[in-house]
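K.L.:
Could you work out the structure for the sequence below:
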Amino acid sequence: MADNDDDKNKTASAIIEMLKEAGVSTHSLEQKEHKFWDTQPMAHGEKGTELPEGPIVPNKKQEELRQEPYNMPPGFEWSTVNITNQDEKMELYTLLANNYVEDDDSLFRFDYSQEFLEWALTPPGYSNDLLLGVRASKTKKLVAFISAIPANVKVQSTERLEVVEINFLCVHKKLRAKRLAPVLIKEITRRVNQTGVFQAVYTAGVVLPVPVASARYYHRSLNPKKLVKVGFSRLNPRMTMARMVKLYKLPDQTRSNLVPMTKDHVDGVHKLLTTYLATNFKLYVNFTAEDVAHWLLPREKVINTYVLVGDGGAVTDMVSYYHLPSTILGLDDTLHAAYSYYNVATSMPLEDLMRDALILANRTGSDVFNALNLMENETILEELKFGKGDGNLQYYVYNWNAPSMKPSDVGIVLL
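P.N.:
Model prediction:
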């Protein structure tokens with residue numbers, strides 16, 4: 001019995017740490033973590049191995065679902081966010097820019113641009129009802145947020161599963177003792193269930209019950225002088241700055257004739273990407289052509305996608321990366337980071353394609369290029385001089401029991 005209690009305490013502590021990392025109030029959970037989290041339909045401990053692949057809690061009929069929103073603590077009220085409204089978009093940007101994820105050393109905080117937020121939160125089929133905010137009743141100031149956007153995914157042997165992707169869970173720093181986080185999670189779940197969806201995909205930086213996969217971030221220096229200056233990188237004892245600059249220097253020109261993706265390439269990219277994902281991975285999004293247009297057509301300082309078109313006019317290769325800068329806390333400066341997104345190489349080695357991506361990202365002013373060891377990325381990281389990051393990123397499927405998988409089985413990238 002004591003061993004079971006110890007395991008529960010470790011699990012609860014890990015959950016609390018994840019919420020803190022995500023900028024969420026944990027004060028109200030620290031004394032009640034078992035009561036709150038034991039109600040969540042996730043595999044717990046070794047129990048998950050006993051369950052068949054599929055939903056942990058069966059889908060409910062509409063009449064069985066809670067119809068009324070959860071009550072907010074006094075002084076707060078629910079508010080959906082219209083991300084296409086300039087004022088409301090600015091409110092969300094301000095909330096996240098001042099209160100969202102920081103690194104463990106409090107050196108950097110994600111700085112999602114307004115344009116990035118609109119891209120991330122308005123895919124085909126999105127609903128303002130699932131862009132859920134909390135406002136102070138008196139001032140109407142936006143003080144908390146959580147989002148859910150629709151997706152259809154393959155998970156292991158299940159070819160098509162309607163889910164939402166959960167993201168941007170954030171509570172204002174001054175309100176971390178107001179019990180907003182648990183209610184946010186319950187209310188977004190209630191609203192998603194009302195749409196007939198009972199599963200979700202999300203990521204976290206720590207191990208919770210129970211990840212379906214674990215991936216590691218790797219970093220490729222593009223601007224080593226700046227990275228050392230701001231504390232992102234450090235010089236090894238035997239390394240001089242001049243040697244480091246030379247080590248990471250890239251050619252000026254790409255090897256291949258990649259061109260920016262346009263609307264004319266959407267069908268070709270859709271065919272190339274969906275075939276690649278279906279052939280190689282156990283967890284991925286079933287993208288429609290409309291999805292591909294939304295997520296991959298270039299947007300300045302948000303997403304870059306390049307394609308190679310063969311002699312017959314077919315898209316043979318594609319490479320993409322998105323831009324997520326971080327505010328450098330304590331300095332009036334920004335760390336410009338590019339993140340590897342979806343890449344497919346058929347006419348050239350993946351290493352050559354990704355080297356060209358580094359060159360292109362460097363051209364557009366990125367200081368560092370980040371990549372997870374998902375998909376086939378592991379095969380090119382060492383050769384292209386990526387360094388291993390400090391932490392892992394865990395992948396979860398809410399209310400779904402599935403065997404765990406290797407990073408190379410995962411073909412989904414969440415923003």
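
K.L.:
show me where the stretch 301-415 of the chain has strands.
P.N.:
Here the stretch 301-415 of the chain has its strands, by DSSP state E, counting those that start in this stretch, at 303-309, 315-323, 326-328, 334-335, 337-340, 344-345, 368-372, 387-398.

K.L.:
would you turn those strands into a markdown table with mean pLDDT, distance to Val269 and mean neighbour count?
P.N.:
Where C-beta positions appear, they are placed from N, C-alpha and C, glycine not excepted. Formatted as a markdown table, these follow (pLDDT from 0 to 100; distance: least, Cβ to Cβ, whole Å; neighbours: other Cβ atoms under 10 Å):
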| stretch | mean pLDDT | distance to Val269 | mean neighbour count |
| --- | --- | --- | --- |
| strand 303-309 | 98 | 6 | 22 |
| strand 315-323 | 98 | 5 | 23 |
| strand 326-328 | 89 | 29 | 20 |
| strand 334-335 | 94 | 29 | 19 |
| strand 337-340 | 98 | 16 | 24 |
| strand 344-345 | 98 | 9 | 22 |
| strand 368-372 | 98 | 20 | 23 |
| strand 387-398 | 90 | 24 | 17 |
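
K.L.:
So which of those is nearest Tyr217?
P.N.:
Closest approach to Tyr217 among the strands of the stretch 301-415 of the chain is made by strand 387-398 (3.7 Å; Cβ to Cβ).

K.L.:
Test my guess that Phe110 contacts Leu96.
P.N.:
Yes. Checked against Cβ atoms under 8 Å, the pair Phe110 and Leu96 is within contact range at 7.3 Å.

K.L.:
Which stretches in this protein count as helices?
P.N.:
Using DSSP state H, the helices of the chain run over 2-21, 33-37, 86-99, 114-121, 180-194, 224-229, 241-248, 266-280, 289-296, 350-363.

K.L.:
Check the ones you listed for me: which has the lowest mean pLDDT.
P.N.:
Of all the helices of the chain, mean pLDDT reaches its minimum on helix 33-37 (a mean of 46).

K.L.:
re the thing from before, may I see the strands of the stretch 301-415 of the chain arranged in CSV, with distance to Val164 as well?
P.N.:
Formatted as CSV, these follow (distance: least, Cβ to Cβ, whole Å):
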stretch, distance to Val164
strand 303-309, 21
strand 315-323, 20
strand 326-328, 26
strand 334-335, 30
strand 337-340, 21
strand 344-345, 26
strand 368-372, 21
strand 387-398, 9
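
K.L.:
For Lys61, which of these is the nearest?
P.N.:
So among those, strand 387-398 is nearest, using Cβ to Cβ, at 19.5 Å.

K.L.:
quick one: contacts of the closest one?
P.N.:
With Cβ atoms under 8 Å, 6 or more residues apart in numbering as the test, strand 387-398 has contacts from 40-42, 104, 155, 163, 166, 199-208, 210-221, 283, 370, 372, 410, 412, 414.

K.L.:
Out of these, which sit inside strands?
P.N.:
If you go by DSSP state E, the contacts of strand 387-398 have 155, 163, 166, 200-204, 213-221, 283, 370, 372 in strands.

K.L.:
ok so, going back, out of the helices of the chain, which is closest to Pro325?
P.N.:
Comparing these against Pro325 with Cβ to Cβ, the closest turns out to be helix 114-121 (9.1 Å).

K.L.:
From the contact counts, what lies against that closest one?
P.N.:
On a contact count with 3 or more Cβ pairs under 8 Å, 6 or more residues apart in numbering; DSSP states H and E, helix 114-121 meets helix 86-99, strand 142-155, strand 158-171.

K.L.:
For Val212, give me its contacts.
P.N.:
By Cβ under 8 Å, 6+ apart, the contact set of Val212 is Val155, Leu283, Tyr395, Tyr396, Val397, Ala402, Pro403, Ser404, Met405.

K.L.:
Before we move on, what's the pLDDT of it?
P.N.:
Confidence score, pLDDT, at Val212: 92.

K.L.:
and what of Pro237?
P.N.:
Pro237 carries a pLDDT value of 86.

K.L.:
Then Leu331?
P.N.:
If you check Leu331, the pLDDT there is 82.

K.L.:
I'd like to know how many residues surround the nearest residue to Ile328 once chain neighbours are set aside.
P.N.:
In this structure, Ile328 finds its nearest non-sequential neighbour in Val230, 5.0 Å apart by Cβ to Cβ, 6 or more residues apart in numbering. Using other Cβ atoms under 10 Å, the number of residues around Val230 comes to 20.

K.L.:
Now do the same contact list for Val230.
P.N.:
Val230 makes contact with Leu107, Ile328, Leu331, Asp333, Leu335, according to Cβ under 8 Å, 6+ apart.

K.L.:
ok, which pair from those is furthest apart?
P.N.:
Comparing every pair within those by Cβ to Cβ identifies Leu107 and Asp333 as the most remote, at 11.2 Å.

K.L.:
more neighbours, these two?
P.N.:
Ranked by neighbour count (other Cβ under 10 Å), Leu107 and Asp333 place Leu107 first, with 17 against 13.

K.L.:
ok, back up a step: turn the contacts of Val212 into JSON lines, columns for distance to Glu376.
P.N.:
Output for the contacts of Val212, formatted as JSON lines (distance: Cβ to Cβ, whole Å):
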{"residue": "Val155", "distance to Glu376": "20"}
{"residue": "Leu283", "distance to Glu376": "15"}
{"residue": "Tyr395", "distance to Glu376": "17"}
{"residue": "Tyr396", "distance to Glu376": "23"}
{"residue": "Val397", "distance to Glu376": "22"}
{"residue": "Ala402", "distance to Glu376": "22"}
{"residue": "Pro403", "distance to Glu376": "21"}
{"residue": "Ser404", "distance to Glu376": "19"}
{"residue": "Met405", "distance to Glu376": "15"}
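
K.L.:
from these, which is closest to Met244?
P.N.:
Nearest to Met244 among these is Tyr395, at 33.1 Å by Cβ to Cβ.

K.L.:
what is that closest one paired to in the beta sheet?
P.N.:
Tyr395 has the following beta-bridge partners by DSSP bridges: Thr203, Ala213.

K.L.:
Distance check, it against Ser404.
P.N.:
According to Cβ to Cβ, to the nearest Å, Tyr395 and Ser404 sit 10 Å apart.
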